[in-house]
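Engineer: Structure for this input, please:
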Amino acid sequence: MAVEARFVVIRDGVEKMTFTSKKEADAYDKMLDIADNLVPFLQAGEIIDDSDAIERLAFYLAQEKDSLSRLLKGGSAKPAPKKSKTDAATVTELKPASNQ
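Structural biologist: Alright, predicted model coming up:
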């Protein structure tokens, strides 16, 4: 029998993602925190009325925080590196909830 450690990111009682390393789980949890903080910022701008679109945009911006940071500092956006097959194998994606 094999023993396998898994790290699960849980937000508001809902499992978001499962990882095989604590470092990856912590990084994903931090990204969700950033997305949660972006939602009120985007809502205050009153540019987008659809709350689902705001949440999706906040999630995208949080995922691309490094590129966004470069852009805000006057640099150019570099495409995010593609995940290798081994990276993808360590993550089990769960159905995304409407509230990040």
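Engineer: Name the next helix or strand downstream of the helix ranked longest in the chain, please.
Structural biologist: Longest helix in the chain by number of residues (criterion: DSSP state H): helix 22-44. Per DSSP states H and E, the first helix or strand lying C-terminal to helix 22-44 is helix 51-63.
Engineer: Low-confidence stretches in the chain?
Structural biologist: 78-100 (pLDDT under 70).
Engineer: 50 instead?
Structural biologist: Applying pLDDT under 50 to the chain picks out residues 85-100.
Engineer: Give the residue farthest from the middle of it.
Structural biologist: Met1 (33.5 Å; C-alpha atoms, centre = their mean).
Engineer: returning to that earlier point: need the residues that contact the longest helix of the chain.
Structural biologist: 7-9, 11, 16-17, 19, 48, 51, 54-55, 57-59, 61-63, 65, 90-91, 100 (C-beta atoms under 8 Å, 6 or more residues apart in numbering). Glycine gets a C-beta too; all of them are placed from N, C-alpha and C.
Engineer: Mind listing what's buried along that helix?
Structural biologist: Glu24, Ala25, Tyr28, Asp29, Met31, Leu32, Ile34, Ala35, Asp36, Leu38, Val39, Leu42 (16 or more other C-beta atoms under 10 Å).
Engineer: for stretch 51-70, same thing?
Structural biologist: Ile54, Glu55, Arg56, Leu57, Ala58, Phe59, Leu61, Ala62, Glu64, Ser67, Leu68.
Engineer: how far is it from where the chain is centred?
Structural biologist: With C-alpha atoms, centre = their mean, to the nearest Å as the basis, stretch 51-70 stands 8 Å off its chain's centre.
Engineer: now do stretch 12-23
Structural biologist: 11 Å.
Engineer: Span of that stretch from start to end?
Structural biologist: End-to-end distance of stretch 12-23 (C-alpha to C-alpha, to the nearest Å): 21 Å.
Engineer: Quick check: buried residues in it?
Structural biologist: Quick answer for stretch 12-23 (16+ other C-beta under 10 Å): Lys16, Met17, Thr18, Phe19.
Engineer: what pairs with Val14 across the strands?
Structural biologist: Arg11 (DSSP bridges).
Engineer: Nothing else from me, thank you.
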